[in-house]
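> just need the structure, nothing else, for what follows:
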Amino acid sequence: MKLLVLIPSYNSGAGLLTRTVQAALAEWPDVWVVIDGSSDDSAAAATELAVSQSRLRVLVLPANQGKGAAVLHGARAAQAEGFTHILSMDADGQHPADYIPRFAQRAAAHDGAAVFGMPVFGPEAPPLRIQGRKVSNSLAALETLGWGLGDSLFGMRVYPLPALLAAFASTSWARRFDFDPEIAVRLAWAGVPIIVLPTPVRYLTVSEGGVSQFRYFRDNTLLTWMHTRLGCGFLLRLPILLWRRIKGGNPLKQLVTRDASEETNPAKPEPN
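Numbering: from 1, shown residues only. Now for the predicted structure:
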C-alpha cells in the first residue's frame, strides 16, 4: 500500500488550512492539497508551506468545481504518481489528523477495502446537523441493503484508488457536496468491503477560524436529487444486492472499533 493524504480545500482561510496541513504532515509524509478555485489567501499560504515541506504538493484548480471534483482531480494525479490509496480529510479542522495512522493501519491490513470514519460528535456539534444527517444515512443504508457504511456524509476515509476512480466513472454526478454519500453507495454497489472506524469530530468556533461551506437549501436540494437517482439505481440492482445480502453482505461489516476513546495508537505502516 502506498497511501497519500489528500485535502480538498475551498476558502478555508490561510491559518486554518495551514494548521490542518501541518497536523497531517506530522502524522504522514505524503500530503497533497487541492485548492478548489479558492478566492481567499489559502492557496498562497499552502504554496508557501510547500516550499519548506518537500513531500507536500499543492494542486490548484482555476475555478470552484466542488469537493468531489477536487478529490477526483487529486485521485487521478495520485494514481499517476504510483499511489494505491488516498485518505481524504477536510480542510476545516474537524477531522483528527492523529487518526491518520489508524486509518492507514486498517487499510493496510485489508487489501482492497475502504475505511470510513464514523463521527463521534462532541457537545459543540450543532444539533440540527446531527439530526439532519440521520435522514441521508437511513436512505444510504436502504440503497445498499445495509452494506455497512456507518455514516454516509463523513469525509475522513481511505479509498483504494482503483475502486474510487471506477465509482467516479460510473456517474457524472458526485462532484460537489453529493460526493461523500454517492461514492459511498456506489462503492457498496460494487461490492467493495468497507471498514467503519469511529472517529472524533470537533466543530471549530468562528474565533478559532472555523468555516463551513454548507448551504442548507442548496445542499439539501442536491442530496434530495441524489437520493432520488440512487433510489432508481437501487431498484435496478436489487436482485444482486439481495443475493449479496443472503451471502453475508459486507465481509468486514463487523470489524468496528466500538469505543474509539479506548484505542491505543497503532504503529504507523511504513510509507513507501
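> which residue ranges of this protein form helices?
Under the criterion DSSP state H, the chain contains helices at 14-27, 42-52, 67-80, 100-109, 127-143, 161-169, 179-189, 216-246.
> mind giving me the packing neighbours of the shortest one?
Just to be clear, that refers to helix 161-169. On a contact count with 3 or more CB pairs under 8 Å, 6 or more residues apart in numbering; DSSP states H and E, helix 161-169 meets helix 67-80, strand 85-88, helix 179-189. Backbone N, C-alpha and C define where each C-beta goes, glycine included.
> next one: the third one
Counting contacts by 3+ CB pairs under 8 Å, 6+ apart, helix 67-80 packs against strand 3-9, strand 31-36, strand 56-61, strand 85-88, helix 161-169, helix 179-189.
> give the contact list for the residue nearest in space to the middle of the chain.
The residue lying closest to the centre of the chain (CA atoms, centre = their mean) is residue 155, at 3.0 Å. Going by CB atoms under 8 Å, 6 or more residues apart in numbering, residue 155 touches 67, 88-90, 95, 117, 180.
> thinking again about what came up before, kindly reformat the helices and strands packed on helix 161-169 as JSON lines containing mean pLDDT, distance to residue 146 and mean neighbour count.
Below are the helices and strands packed on helix 161-169 laid out as JSON lines (pLDDT from 0 to 100; distance: least, CB to CB, whole Å; neighbours: other CB atoms under 10 Å):
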{"stretch": "helix 67-80", "mean pLDDT": "98", "distance to residue 146": "24", "mean neighbour count": "21"}
{"stretch": "strand 85-88", "mean pLDDT": "98", "distance to residue 146": "24", "mean neighbour count": "26"}
{"stretch": "helix 179-189", "mean pLDDT": "98", "distance to residue 146": "9", "mean neighbour count": "26"}
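> poorly predicted segments of the protein, please.
The chain contains residues with pLDDT under 70 at 205-216, 257-272.
> quick one on the thing from earlier: relative to residue 55, which of the helices and strands packed on helix 161-169 is closest?
Closest to residue 55 of these, according to CB to CB: helix 67-80, at 12.9 Å.
> contacts for the closest one, please.
For helix 67-80, contacts defined as CB under 8 Å, 6+ apart pick out 4, 6, 8-10, 32, 34, 36, 59, 61, 65, 86, 88, 155, 159, 161-162, 164-165, 168, 174-180, 182-183.
> switch the cut-off to 7 Å
Contact partners of helix 67-80, identified using CB atoms under 7 Å, 6 or more residues apart in numbering, comprise 4, 6, 8, 32, 34, 36, 59, 61, 86, 88, 161, 164-165, 168, 174-179.
> tell me how many other residues crowd residue 243.
If you count neighbours by other CB atoms under 10 Å, residue 243 ends up with 9.
> for residue 242, which of the helices and strands packed on helix 161-169 is the nearest?
Closest among the helices and strands packed on helix 161-169, once you apply CB to CB, is helix 179-189, at 12.7 Å.
> which elements pack onto the closest one?
Under the contact criterion of 3 or more CB pairs under 7 Å, 6 or more residues apart in numbering; DSSP states H and E, helix 179-189 touches helix 67-80, helix 127-143, helix 161-169, helix 216-246.
> orientation of it relative to helix 67-80 in degrees?
Computed with axes from the mean of the first three to the mean of the last three CA atoms, to 10 degrees, the direction of helix 179-189 lies at 60 degrees from that of helix 67-80.
> then helix 179-189 to PDB, C-alphas only?
C-alpha atoms of helix 179-189 as PDB (Å, rounded to 0.1, in the frame of the first residue of the first chain):
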ATOM      1  CA  PHE A 179     -19.600  13.300  -3.300                       C
ATOM      2  CA  ASP A 180     -19.300  11.600   0.100                       C
ATOM      3  CA  PRO A 181     -22.700   9.800   0.200                       C
ATOM      4  CA  GLU A 182     -22.900   8.900  -3.500                       C
ATOM      5  CA  ILE A 183     -19.500   7.500  -3.700                       C
ATOM      6  CA  ALA A 184     -20.100   5.500  -0.600                       C
ATOM      7  CA  VAL A 185     -23.300   4.000  -2.100                       C
ATOM      8  CA  ARG A 186     -21.500   3.200  -5.400                       C
ATOM      9  CA  LEU A 187     -18.600   1.500  -3.600                       C
ATOM     10  CA  ALA A 188     -21.100  -0.700  -1.800                       C
ATOM     11  CA  TRP A 189     -22.900  -1.500  -5.000                       C
END
